[in-house]
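# The sequence and its predicted three-dimensional model are supplied below.
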Amino acid sequence: MRASGLAEIAKVLQTTPNYLLGFADNNDGFADEALGLLRDVKDQSVREILLKQIMALIWKMYCFCPYIDLQYG
């Protein structure tokens, strides 16, 4: 497969060619920032709320389905 074809598939799937090839791609720093936030919070109940919000954000970013209504609770 040509690199341009792989790049086009990655674009349609909203990912990177490296991910499709099986390479880890964590260049955006999102995971590091989220982990840093979770580590800084000392109150367990606040940490659980923050984790739920991060999980909801990840769901909306990577698993978006227009037929699923995401409820927070």
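Alright, I've got the coordinates. Numbering: from 1, shown residues only.
# Now for the one residue sitting closest to the centre of the chain: which residues touch it?
Centroid check for the chain by CA atoms, centre = their mean gives Ile58 as the closest residue, at 4.1 Å. By CB atoms under 8 Å, 6 or more residues apart in numbering, no residues touch Ile58. Every C-beta, even on glycine, is put in place using the N, C-alpha and C of the backbone.
# what's the helix or strand for it?
Per DSSP states H and E, Ile58 falls inside helix 44-62.
# Pull out the buried residues from that helix.
Within helix 44-62, the residues that count as buried by 16 or more other CB atoms under 10 Å are Leu50, Ile54.
# mind exporting that helix as PDB, just the C-alpha atoms?
Coordinates of each C-alpha in helix 44-62 appear next as PDB, following Å, rounded to 0.1, in the frame of the first residue of the first chain:
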ATOM      1  CA  GLN A  44     -11.100  11.000  46.300                       C
ATOM      2  CA  SER A  45     -14.600  12.100  45.400                       C
ATOM      3  CA  VAL A  46     -13.300  15.000  43.300                       C
ATOM      4  CA  ARG A  47     -10.800  12.600  41.600                       C
ATOM      5  CA  GLU A  48     -13.700  10.300  40.700                       C
ATOM      6  CA  ILE A  49     -15.700  13.100  39.200                       C
ATOM      7  CA  LEU A  50     -12.700  14.300  37.200                       C
ATOM      8  CA  LEU A  51     -12.000  10.800  36.000                       C
ATOM      9  CA  LYS A  52     -15.600  10.500  34.800                       C
ATOM     10  CA  GLN A  53     -15.300  13.800  33.000                       C
ATOM     11  CA  ILE A  54     -12.100  12.800  31.300                       C
ATOM     12  CA  MET A  55     -13.600   9.400  30.300                       C
ATOM     13  CA  ALA A  56     -16.700  11.300  28.800                       C
ATOM     14  CA  LEU A  57     -14.400  13.600  26.900                       C
ATOM     15  CA  ILE A  58     -12.400  10.600  25.500                       C
ATOM     16  CA  TRP A  59     -15.700   8.900  24.600                       C
ATOM     17  CA  LYS A  60     -16.900  12.000  22.700                       C
ATOM     18  CA  MET A  61     -13.500  12.500  21.000                       C
ATOM     19  CA  TYR A  62     -12.900   8.900  19.800                       C
END
